[in-house]
Structures are given as C-alpha cells and as structure tokens.
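[1] Quick one, fold the following:
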Amino acid sequence: MIETLLADWLPQAKQRRLVLVYGRYEDGSSDFTVSFAEERRQVHVTDQHSVLGIVEAWQRHQAERGADDLLVVATSVDDAQLGWDVRGYALGRSTRTVDRARIVAQRFGAANLDPRIRTEPWLINALLDAEPPGGWPRNGSVLTRDAAVRALIGARLGGGTLPEGGLDPGALLAWSLEPAGPDRFARLAEPERAGVADWLAGTVGEVARIILRLAAEGRAADAMPLGVIGTVATRPNASPEAALAFGGLLAGVKPQALRAFTDAVEGTMERWLSEAESGGLLAALARQRVTAVADRADRLAASAHLTEALLDSRFLPSSYAGSLRTLASTLSPTPAKGSISAVERALDEVRNHGLARLYPERLRAAEMAVRVHRWLTSAVPDVVSVAGAVRDQITDWAWVDRALMTLWVGDAGGDPVVAQAYRALYQAARDRRDQLDEHFAARLAGWVPRASSNDPGGCLLIEDVLEKVARPVASRHAPLVVVLDGMSTAVGTAFGEQAAARGWREASPRQGERVAAVTVIPSVTRAGRASLLSGALNVGDQPVERDGFAAFWSKHRRDATLFHKNDLAGHAGHRLSEALIAALAGDGVVGVVLNTIDDALDHGKEGERTGWSIHDITYLPELLDAARGYGRPVLFVADHGHVLERSATEKPVKASGVESARWRTGAASDGEVELSGPRVLLGGGQVTAPWREDIRYTPRKSGYHGGASLAEMVVPVLVLAPSEELVPAGWHVLSPETVTPDWWDQRRTMLAEPSAPARKPSRRKPEPESAVPLFTVETPVESVGAQVVATEVYAAQRAFVPKAPDKQTVATVIDALLDADGSLSLSAVAERAGRAARRPEFFAATLQRLLNVDGYSVLSLRDGDRSVKLDREMLQAQFGVRV
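    Purely as a prediction, here's the structure:
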C-alpha cells in the first residue's frame, strides 16, 4: 500500500524527503526502492506514535541516509502536537490521510471508483489484503463494484474452479468439492463472508447462499450430495417422513431457494454425466466427481434412513441397484406373451437412471437380458431344412448368440439377485438354442451327402462365395476380400452395425436381409479357408490358399493377390506394408486374412469380454480406411464360426478318435452327430462332431471350432460399399433397421402388439335399426405424413424446392420416421423412399428444405449425417398437425 501512496504523492513532493501518514505500519520498519518518472528513490518506513519518536527518526534519517532517500512515518500523532519544526519538512507540510478506496482504484489502474465501494469497508479492506502477486486486473478507467467483487472472489476462493471469478451455480457447486476454496472461505472475517454471500446471492441466486453457508460450517463437500437427496426428498409427492429426515440434513432453507438448489444440482450432475460419456479431456474428472457425489449422497441417505424413500432417485447407486433388481424380478425363463410390458417399463427405469450412463456395461447386460426375454416369448421355431436354419441363423438366432455372450458375463456390479435372474434367463435361452442346434444337426446329416455347388439345397456354400458374391461385387470395382478367420454370425452382426456407423453401405442380393454361407466339415481353418479362397472344395495351408485365390480370379481375367498375417505390417512410420498399399491402389482383387478372432480362441480375448468391435481386429480399421480411399467395396467373410468355452468341468469329454477340440472319428454319442459325404474333407470323409456347445475333446481354451453347431457351420457374408454407385446391379442396400430382428428393438416389439384405442362414447341418439346399413365401411384415418403434405405451409415450402419428390414419398418417409420414434438411418430412409432416394444424402437435404420451416430443425441429420431425426413436437408446431 505504501508503494501505491508514494506513486500518487511523489510527483507533488518537490524534493521533499519526509512523508507523514496517519495509520499504523504493522511491519515496524522496512526499506525498499520506488520508481516514478525516470527516478529511483530509496524509501525507509517506520512506525512512530510519539512526537519524540518522530523527531528522532527524522534526525537519524537526515544524518545517515542519502540526500534523495525518503522517510515515511506512520503515526497517530496530531499535526498540532508536532509543530512546524517537523511538519515544515513533510510532504504537504502535514500528516497525510490515507484514502483506502483511492488506493484500491489505483491498484486496479482505474481513475474513478464506483461510489458503492466506498460504503463497504469490508470490500475495501479485502481488496487491499487479497491483491494477488501479479496485481489486480486492469480493465478500464472506472472500477465497478461487480468487477471488484468478481476479482476478489477469484483471488480469495478461485483456485482452479472459479478462475477470475467466473460464476454460475454449476461453477460454485464444482468449487464446493474442492478442499482449499471452501476452507479459505470459512477462514475469512465474518463481514467479508457476509458481503461475498450477499453479492453471490444477488448474482447467482440463493443457491450460492446455501453453498456458502455449508462452506462456513465446514460442510461444503456435502452440498452436491445433499442436493442429490433433495431432488427426491423435496418433491410434492415425497412422504412427510422423507421431508422431515431431509430437513435434519439441511435445515433453515426456504422452499423456493431449496427448489432452485436441487435444480442446480440436478443440472450439474447431468452435465458431468455428459462429460463423462464424451471421453474427452474432462471425462475422467467428471466421472470422479459424479461417483464421489453419488456415493456420499448414498451414505448421507442411509444415515438419515432415507434409502427406501429415494428409490426414485436418478443419481444414487442404491436406487440404480434397486432399478436393476426390479428389472430382474420381471424377467422369467418361461415368459408369458403379456409379460413384456412390465419388463419394458422396468428397463426404461434402468435406462433413465443417470448412473446407467456411467456404467454402460451394466445397462448393456440389462438390455441383452430383456432382448432374450422378448425372444423367449416367441414360439420355438421349426428347423425344416438346412437352408431355412442358415437363413434363420443370420437373420435371427445370431442375435440371440450375441445377447447370450453378454448375458454369460452377467452384471458387472456383481448383484447376486440380478446375477441369478440373468443366469436363469441364459439357461432357458441356451436350452432353446441347443434344441435348434440339435434339429439343425439332424438336417445337416441328411444334407451333407448330396450337397454340391450344382445342388446346394438353397444354401450358399463356402466354396461358392467368391463366384456368387465377390464376382458380382467386382463388376463395379475390384473388391477387398477380408477373411476374418473364426468370425461367427454373432460377431458379424456387430461388425455390420459398426461398419454402417462408419459410413459404409451394406448391400445384399436379397431384399432386406443378409446372406450367410455354410462351411465345410469339419468346420476348421485348414479345410474351410482353402475352400473359400480357392472357389472349390480344398484342403491346405497358406500356399494352397494363395495359389487358389489367384487361380480363381485369373479364370475371370482379373489379377488377384492374397495377403496373410506376416505380409501386412509396414516398416517404421507405416501401418500397412508397401506391397499391400500398392495392391490396394491397383486394379486387382485384394484378399487379406486376419487371424485376430481365431487366435483369441486359443489365448483368450483381451479387454471387453462381451463382444468384438472392428477396432479389436488388428489392421482392420486401417484396411477399411484404405479401401474407402481407393474406392473399393469390401467383403467380410469367414472360413468358419466358433463357440465359446461353456463346459461345466475342467476335464474334456473322453472319446475315441479325437482329432481336434470339436471333431473326431467313431460312433456318435449324446450331443453329437455323424456326418459323411463329399463335403467332409477330413477324417476320411466321415467324422463325428458335437452340436452341443459344451462338448470338447481337448484341454480348455477360450473357444473352439470344428463342430456341427449353427454358430460354427454358418458364416456371415457382409458386402460393404463406400457409396451406392458401387452396389451391384439388382442388389439392395440394407439399412440397420431391416437386418435387425424385431425382438432386438424395444420400439418394434411394442409396435408388434398394438392395442385397440378405446372409442369415446357417442352423444348422438342411436339410429333406428332400419337405418343401419348392411355393410359398415370405416373411414380410413389419414396418416400424419399425408396431413403434413396437404397443408398450405408444405405447399409454400415446396414452391421453392425444384424437383421435389412427390407427396406420397414424403408422407411415407414422415410416417416411417414417426413409427421409428423419430429416428432412422439414412439408408432406411432411402429404402422407404424407393427410387426417389437413389442419392440418399441429396434426398435428405431436399427433405430438410421441405420440412424445416423458417430455419427450424424439424428434420436434422445426426451421427455424421448417417441418421435422420424428425422432431415430433416441431413438426406439429410448424405444420399444425396432430402427431
């Protein structure tokens, strides 16, 4: 402060060497240097409160100090007592009065001061005491009260959460969880605490007063947890006991302020959950905050005996566990058709809980359990042929296998009640799958002896995949054929979803469904992969595969190169080898064999144990990116599938003629089938293979192949195009919605069981019996889409859109989006629109121009322009229709 005073006074000093100041100098005495104009002067400060002390200090200064040195004396002696002998040497010939408010203005570099600051001694004192090492910010010629208090809060309480006084309820709630800031606030003088609280209450709201009160009491860390409890305990429908118990935790708060506080806490928790989901730089901190608050809130609730009353909370771990247990109680291994509504409601409660976003693996398991429950409500399907079973496997049962992978792992939270429900559900579904596998194996035994490329019995054979799938794809552009060794149909369903999410168009020669192939017997790599890549039944290792692949394409006048595991890695700085990149850049067909899945069957899968992603497969993301860059369509195919380790004992099944984990020679026993014929490429043309997944003949591994189950014998064949121009003529683009079974999707399950709407009672008198017509013709209800395109608003929009699609097409798409709860993939929208949407992106942009009235987003593109979202409420508001 002395430096500030001298900077203000010295220009008037005129070589004066003595400065008298009313006040006390707590340090007693000190020396420092000040600069003004272009001069530097030494300053000595002393604290003297008697005339004699002042005189002696002045005389000593004159005798011992330099001619330009200044003496500053802080004193309480009146001018009249000093007399002119000393005052005559002093600056202004008097003792100066310190204007503390003026000093504050100077420290902020301001010429003028908000008059209100002068009326608040607590603020002036705090600003003089709290100045940071780098000084106060200099933001203008006038220091306003708000700017001063913001700067003070930033210096006193800021830390990392309130930098430079950045203030809102969320920032204050985050600040409450820091140990240092609230402790500093608690140590402030009472006038300063009250002043800061009043200002924050006026600026941020009464939320601030609650937080700061708790901070002053040393309970700042409980602010967020108490708010979490309050979101339920203060609801209008809360029990009196709950409200009373909460009052014991946070008393003396007015209802309106309490509502604002709990709303702020709820909003902050939602924001942190979103940050935790995003995976960005703040994700770890946000996750840590949410878990700390939720756990503390649970403990506080338990201490107040509020746990049962808070089961509706969206943030408490105990309520999340309760919602999962409620779901578990609705699940049944033998579900009735009508039970699905209760299950769906229970699942919605789990989904809507905030912590479901923090623990997605628990939500995923719950969703898979409900999917299995839905599937079990349907009748057990018949297996009438191998072709029918293969089709059902790729379109339906593969999704069951995928759900069971997750259900086997169970609830990540380890809740025993939930685990028991999942286990019972898993076993019921597994029993049904075993029944289907048994029937398939019986049909397989009769099909194998006569099946051939000339008479496949309605099946796509593994050796015909290149001829019947890859060749049509190559008619547009040479494809990249990716052989994912061991990829099952369950894994294929996941890869199809993920490829669509990456912007690939999936195509099929069949309308609305994928195709799958039947592998050779036994379902092992040496036979299946050689047959696949040679385009004919074959057995062999890499040289056979490489030669067979080149020979097949050579017959069709195309160059082809096959790359195995050791051919893929590039040198330093290059993920893929130069030879592979050169092949992809060329005109020939490129084949790549990826062994990640098959290798994992031997050694176990690292990380996520409930499924596979494209990123789990070494080199696959890079291959997809390269294929897109070179405009290549991609074919995903496998040589065989697999089953996972599910045996009940450590020891393998004892049997004779064991050749591998899942096939042998000799007579069949329970759970096995004998297979013989030209498609049996090992074992002398006759083998025994298990159809039950829990049978193995060798030591335990993570998974196996070679058997006769659907999961091993049926392989997915996925065709992916970077654009629709590369889809073969006569083929169909598959949307994610069309390849997904109804029971997998909650909305479609509910739509499959429509309830007739109740008719309102008529106020009209009944017609006489003779007037009733012989045949009653019901007036068809006009769809929402038809209502929209019939409005004047739509007609006005259409006038500005050249070459707009016809009204029926637009109405169909609107109705399809509404039926899908407002969201469909772009390919599904194109499918609904038919020929009008041969260019899906252009069609979606045209729809936006037709429906987005005055710039309002009735229709928007999401997920990187891969999905379309229709805002139901906005559609109703803009077009005046009832949705």
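[2] Helices of the stretch 751-883 of the chain, start to end?
    Using DSSP state H, counting those that start in this stretch, the helices of the stretch 751-883 of the chain run over 784-789, 792-798, 807-819, 826-833, 840-851, 872-879.
[3] helices or strands next to the first one in the packing?
    Going back to what we said before, that points to helix 784-789. With contacts defined as 3 or more Cβ pairs under 8 Å, 6 or more residues apart in numbering; DSSP states H and E, helix 784-789 has these neighbours: helix 807-819, helix 872-879. Glycine gets a C-beta too; all of them are placed from N, C-alpha and C.
[4] Tell me where the stretch 501-650 of the chain is predicted with low confidence.
    For the stretch 501-650 of the chain, the stretches flagged by pLDDT under 70 are 605-608.
[5] related to what we said a few turns ago, which one of the helices and strands packed on helix 784-789 is the most hemmed in?
    helix 807-819 (a mean of 20; mean count of other Cβ atoms under 10 Å).
[6] relative to helix 826-833, how tilted is that helix?
    130 degrees (axes from the mean of the first three to the mean of the last three Cα atoms, to 10 degrees).
[7] Now do helix 807-819: which elements does it pack against?
    Short answer (3+ Cβ pairs under 8 Å, 6+ apart): helix 807-819 packs on helix 784-789, strand 823-825, helix 826-833, helix 840-851, strand 867-870.
[8] Could I get the helices and strands packed on helix 784-789 in TSV, plus columns for mean pLDDT and distance to residue 204?
    Formatted as TSV, the helices and strands packed on helix 784-789 follow (pLDDT from 0 to 100; distance: least, Cβ to Cβ, whole Å):
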stretch	mean pLDDT	distance to residue 204
helix 807-819	91	41
helix 872-879	90	31
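[9] hmm, back to that, how about JSON lines for the helices of the stretch 751-883 of the chain, with distance to residue 651 added?
    What follows is the helices of the stretch 751-883 of the chain, written out as JSON lines (distance: least, Cβ to Cβ, whole Å):
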{"stretch": "helix 784-789", "distance to residue 651": "63"}
{"stretch": "helix 792-798", "distance to residue 651": "71"}
{"stretch": "helix 807-819", "distance to residue 651": "53"}
{"stretch": "helix 826-833", "distance to residue 651": "49"}
{"stretch": "helix 840-851", "distance to residue 651": "55"}
{"stretch": "helix 872-879", "distance to residue 651": "59"}
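[10] rewinding a little: please produce TSV containing the helices and strands packed on helix 784-789, extended by distance to residue 409.
    Rendered in TSV, the data for these read as follows (distance: least, Cβ to Cβ, whole Å):
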stretch	distance to residue 409
helix 807-819	34
helix 872-879	37
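[11] Residue 793: which of the ones you listed is closest?
    Closest of the helices and strands packed on helix 784-789 to residue 793 is helix 872-879, at 5.3 Å (criterion: Cβ to Cβ).
[12] And for that closest one, what's in contact with it?
    With contacts defined as Cβ atoms under 8 Å, 6 or more residues apart in numbering, helix 872-879 is touched by 784, 787-788, 791, 793-794, 814, 818, 822, 851, 853-854, 856-858, 881-883.
[13] ok and it relative to helix 840-851, angle-wise?
    With the same axes, to 10 degrees defining the directions, helix 872-879 sits at 50 degrees from helix 840-851.
[14] Restrict helix 872-879 to CA atoms and write it as CSV.
    In CSV, the C-alpha atoms belonging to helix 872-879 read as follows (Å, rounded to 0.1, in the frame of the first residue of the first chain):
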residue,chain,number,x,y,z
ARG,A,872,-42.2,-34.6,-33.5
GLU,A,873,-43.1,-31.5,-31.5
MET,A,874,-41.6,-29.2,-34.0
LEU,A,875,-43.4,-30.9,-36.9
GLN,A,876,-46.7,-30.4,-35.0
ALA,A,877,-46.0,-26.8,-34.3
GLN,A,878,-44.8,-25.8,-37.8
PHE,A,879,-47.4,-27.7,-39.9
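[15] Show me the chain divided up by domain.
    In terms of domains, the chain is parsed into 2-98, 157-310, 380-647+706-720+727-752, 784-879 (source: automatic domain parsing).
[16] Buried deepest among those domains, which one?
    In terms of average neighbour count - mean count of other Cβ under 10 Å - the standout among the domains of the chain is domain 380-647+706-720+727-752, at a mean of 20.
[17] Just say helix, strand or coil for the residue nearest in space to the middle of the chain.
    By Cα atoms, centre = their mean, the chain has its centre lying nearest to residue 277, at 4.1 Å. The local conformation at residue 277, judged by DSSP: H, G, I helix; E, B strand; the rest coil, is helix.
[18] Residue 357 is in contact with that one, correct?
    Yes - between residue 277 and residue 357 there is a contact at 5.3 Å, judged by Cβ atoms under 8 Å.
[19] Among the helices of the stretch 751-883 of the chain, which comes closest to residue 451?
    helix 826-833 (33.2 Å).
[20] Now do the closest one: distance to the chain's middle.
    Distance of helix 826-833 from the chain centroid (Cα atoms, centre = their mean, to the nearest Å) equals 26 Å.
[21] I'd like to check what contacts it. Which residues are they?
    For helix 826-833, contacts defined as Cβ under 8 Å, 6+ apart pick out 500, 505-506, 733-738, 805, 809, 812-813, 816-817, 820, 824, 837-838, 840-841, 843-844, 847, 861, 865-868.
[22] pLDDT below threshold where in the stretch 51-200 of the chain?
    In the stretch 51-200 of the chain, residues with pLDDT under 70: 159-166.
[23] Can you show me the strands along it?
    70-75, 90-96, 112-113, 142-143 (DSSP state E, counting those that start in this stretch).
[24] Where is the longest helix in the chain?
    helix 416-447 (DSSP state H).
[25] For the following helix or strand past that one, name the packing helices and strands.
    Proceeding N to C from helix 416-447, the next assigned helix or strand is strand 460-461, under DSSP states H and E. Helices and strands touching strand 460-461, by 3+ Cβ pairs under 8 Å, 6+ apart, are strand 515-518.
[26] how far is the next helix or strand along the chain from the strand it packs on from where the chain is centred?
    Proceeding C-terminally, strand 515-518 gives way to helix 525-534 as the next helix or strand, assigned by DSSP H and E. For helix 525-534, the separation from the chain centroid amounts to 40 Å (computed by Cα atoms, centre = their mean).
[27] Give me the helices and strands touching helix 525-534, please.
    The helices and strands touching helix 525-534, judged by 3+ Cβ pairs under 8 Å, 6+ apart, are strand 480-484, helix 542-555.
[28] now the ones you listed in JSON lines, with distance to residue 23?
    Below are the helices and strands packed on helix 525-534 laid out as JSON lines (distance: least, Cβ to Cβ, whole Å):
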{"stretch": "strand 480-484", "distance to residue 23": "83"}
{"stretch": "helix 542-555", "distance to residue 23": "93"}
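[29] looking at the ones you listed, which is closest to residue 528?
    If we rank the helices and strands packed on helix 525-534 by Cβ to Cβ, the stretch that ends up nearest is strand 480-484, at 9.7 Å.
[30] quick one: the helix or strand harbouring residue 375 to chain centroid distance?
    In the assignment (DSSP H and E), residue 375 maps to helix 360-377. Here the centre of helix 360-377 is set off from its chain's centre by 19 Å, with Cα atoms, centre = their mean.
[31] After that helix, which helix or strand is next?
    Per DSSP H and E, the first helix or strand lying C-terminal to helix 360-377 is helix 386-392.
[32] C-alpha coordinates for that following helix, PDB please?
    C-alpha atoms of helix 386-392 as PDB (Å, rounded to 0.1, in the frame of the first residue of the first chain):
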ATOM      1  CA  VAL A 386     -30.500 -76.700 -43.600                       C
ATOM      2  CA  ALA A 387     -31.200 -73.600 -45.900                       C
ATOM      3  CA  GLY A 388     -34.000 -72.500 -43.600                       C
ATOM      4  CA  ALA A 389     -31.800 -72.800 -40.500                       C
ATOM      5  CA  VAL A 390     -29.000 -70.900 -42.200                       C
ATOM      6  CA  ARG A 391     -31.300 -68.100 -43.000                       C
ATOM      7  CA  ASP A 392     -32.800 -68.000 -39.500                       C
END
